[in-house]
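**Q** the sequence isn't on hand, but the structure is:
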């Protein structure tokens, strides 16, 4: 099994001067039309994006929904994509954005699916069902479990920010999960659209990495996120999906994806230098 | 697309005198050894269980974790299983126990996967990400969305029963979701191990169907569940998985599954008669 350590992730961030994650949310309706002539358009698209950006990013994050929406074919493409990353760029951190979670024996099946079979380094997990729904993931010492805390969407205000015994639910999730065995292998999802919450989040989880979706298409700001979210070990993975994947719908889509990723990486580099982190 | 109405489900319950759902949580390590000689042991097992119980149940509920843990092969078996049910027993209500939920455009992909492609009648959804994570499912007028409320596991006490503005989180989930467009197409998951909560749950959702896992292996009681959970339209689907699927690990597994399902159905029939519902 592929082993992964957070120390190696931090080293990679420092050497690439990037904490960019690209979300491989690949949609057949949005990829360049000329790829539709290929035998496996989605995989060819993913491969091209990966080859065009691997030097600028430290993580890839396919969202399972986009693959499941293609049925069995989609699951095959997901498998091919993660295999390709693991073979061609084994240092890159991989995230199955699956938002799973079930009773203990069932969560163990999900952990097997994403960690043992697909060989992802990490998986996103929903906290609603509590400790025994997350523990089966935490039992893998060389894998990372990324718990939803405060998500980037409007619906986050329905429950996550509601006060639970004088404390927002997402803070209760952060605090409670810190007491679980294996919590040093936890990361948390915090939406970039909620950057103003990061100061208080860092009081509860000063060290854990945060996975930050929501810059670009969803409107979050990288500077604001970094102002409150950075730690001495960087502690952030910032995700971009649509803005990179669909930077162009023409023959030059991979080059345009490189340009877009490069632009974000350059901002990240400046921020890392400013904060004396490289 | 297969159409489904809750009225038809109620009719089926009355005619079969059963509100039993069987969870097709099929595990290669647990099925009878003689099936391993078959080309597709999991599908052959599912087919045998379905053929042996279809007259005693009103719903089947494969949990996606068990299929994903088998990789692409597993997704193929899930597809074959739901196709088989839809062709052989089209009246039976089907539930993808997937516990999905993501930001709007991504949840729409999950809805497509389970409703359009796999042709399930319903899917279970986690509420943590709020309204816009559930809406894409509710937009299908002839499909049912089954929202996690109070689950059967110990971890339910970590967040679901915590007070949110003087009200347990699961109650807030019930109340809030009742205001969402399409809420008449909502069912809720409530664990049988939490039967004592059903009285208060029925004050918030007097009419919606509840999907009740946790009798059998998890220890919940059918009588207690019915005491507080039944409505004038029955309003309950009670799930059993392991106790039926693995009633025998020998050649007689299908016959033993029939016996086990029949025993539960007979209890249900008595309860329905007692409550003047048939």
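**A** Arrived safely. Note that the structure is predicted; figures quoted are calculated from it, not measured.
**Q** now do the helices in the stretch 151-278 of chain A.
**A** For the stretch 151-278 of chain A, the helices defined by DSSP state H, counting those that start in this stretch occupy A:169-178, A:198-204, A:222-229, A:242-245, A:253-274.
**Q** now the second one: average pLDDT?
**A** Think helix A:198-204. Mean pLDDT, helix A:198-204: 96.
**Q** from the contact counts, what lies against that helix?
**A** Secondary-structure packing of helix A:198-204 (3 or more Cβ pairs under 8 Å, 6 or more residues apart in numbering or on different chains; DSSP states H and E): helix A:169-178, strand A:186-190, helix A:222-229. For glycine as for every other residue, the C-beta is placed from the backbone atoms N, C-alpha and C.
**Q** now the fourth one
**A** Helix A:242-245 makes packing contacts with strand A:20-23, helix A:41-53, helix A:253-274 when contacts are defined by 3+ Cβ pairs under 8 Å, 6+ apart.
**Q** who wins for proximity to chain B among those?
**A** Nearest to chain B among the helices and strands packed on helix A:242-245 is strand A:20-23 (9.8 Å), distances taken as Cβ to the nearest Cβ.
**Q** interface residues of the stretch 151-278 of chain A facing chain B?
**A** A:151-160, A:162-165, A:169, A:172-173, A:176, A:218 (Cβ under 8 Å from any Cβ of the partner chain).
**Q** what about the residue nearest to residue A:72 when sequence neighbours are not counted, neighbour count?
**A** Take residue A:72 and drop its neighbours on the chain: the residue closest to it by Cβ to Cβ, 6 or more residues apart in numbering or on different chains is residue B:75, 4.8 Å away. Neighbour count for residue B:75, taken as other Cβ atoms under 10 Å in any protein chain shown: 23.
**Q** quick one, phi psi at residue B:75?
**A** When quoted as degrees, to the nearest 10, the phi and psi of residue B:75 stand at phi -60, psi -40.
**Q** now swap in the one 5 residues further on and tell me
**A** Geometry field for residue B:80 lists phi and psi as phi -60, psi -40, criterion degrees, to the nearest 10.
**Q** I figured residue A:185 hits residue A:141, correct?
**A** Yes: using Cβ atoms under 8 Å, residue A:185 is in contact with residue A:141, at 7.1 Å.
**Q** between the two, who's got more neighbours?
**A** Between residue A:185 and residue A:141, counting by other Cβ under 10 Å, residue A:185 is the more crowded of the two (22 against 10).
**Q** contacts only, for that one.
**A** Residues near residue A:185 by Cβ atoms under 8 Å, 6 or more residues apart in numbering or on different chains: A:138, A:140, A:141, A:143, A:144, A:145.
**Q** among the residues of the stretch 151-278 of chain A next to chain B, which ones are buried?
**A** A:151-153, A:155-156, A:158-160, A:162, A:164, A:169, A:172-173, A:176, A:218 (16 or more other Cβ atoms under 10 Å in any protein chain shown).
**Q** ok, back up a step: of the contacts of residue A:185, which belong to helices?
**A** Mapping the contacts of residue A:185 onto helices (DSSP state H) picks out residue A:138.
**Q** can I get the contacts of residue A:185 in TSV with distance to chain B and pLDDT?
**A** Converted to TSV, the contacts of residue A:185 look like this (distance: Cβ to the nearest Cβ, whole Å; pLDDT from 0 to 100):
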residue	distance to chain B	pLDDT
A:138	13	97
A:140	14	96
A:141	20	92
A:143	15	96
A:144	19	97
A:145	14	98
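**Q** which of the contacts of residue A:185 has the most neighbours?
**A** Most surrounded of the contacts of residue A:185: other Cβ under 10 Å gives residue A:144, at 27 neighbours.
**Q** what residues are bridge-paired with that one?
**A** Residue A:144 has these beta-bridge partners by DSSP bridges: residue A:122.
**Q** surely it touches residue A:4?
**A** Yes: taking contacts as Cβ under 8 Å, residue A:144 lies within contact range of residue A:4: 6.9 Å.
**Q** okay, and the common contacts of these two?
**A** When contacts are counted by Cβ under 8 Å, 6+ apart, residue A:144 and residue A:4 are jointly contacted by A:93, A:121, A:122.
**Q** how far out from the middle of the chain is the lowest-mean-pLDDT helix or strand in chain A?
**A** Across the helices and strands of chain A, mean confidence by mean pLDDT, DSSP states H and E is lowest for strand A:163-164: a mean of 85. With Cα atoms, centre = their mean, to the nearest Å as the basis, strand A:163-164 stands 27 Å off its chain's centre.
**Q** for stretch A:57-74, buried residues please.
**A** Neighbour-count burial for stretch A:57-74, counted by 16+ other Cβ under 10 Å, picks out A:57-72, A:74.
**Q** ok so, going back, output the contacting helices and strands for the least confident helix or strand of chain A.
**A** On a contact count with 3+ Cβ pairs under 8 Å, 6+ apart, strand A:163-164 meets strand B:163-164.
**Q** residues making contact with the strand it packs on?
**A** By Cβ under 8 Å, 6+ apart, the list of residues contacting strand B:163-164 from outside reads A:159, A:162, A:163, A:164, A:165, A:169, B:169, B:172.
**Q** smallest gap between the stretch 151-278 of chain A and chain B, at which residue?
**A** Residue of the stretch 151-278 of chain A nearest chain B, by Cβ to the nearest Cβ: residue A:155 (2.5 Å).
**Q** which ones are touching that residue?
**A** Residue A:155 makes contact with B:103, B:129, B:130, B:131, B:132, B:133, B:134, according to Cβ under 8 Å, 6+ apart.
**Q** what's near enough to touch the residue in the stretch 1-150 of chain A that chain B sits nearest to?
**A** Going by Cβ to the nearest Cβ, chain B is nearest to residue A:130 of the stretch 1-150 of chain A, at 2.5 Å. By Cβ under 8 Å, 6+ apart, the contact set of residue A:130 is B:153, B:154, B:155, B:156, B:157, B:158, B:159, B:160.
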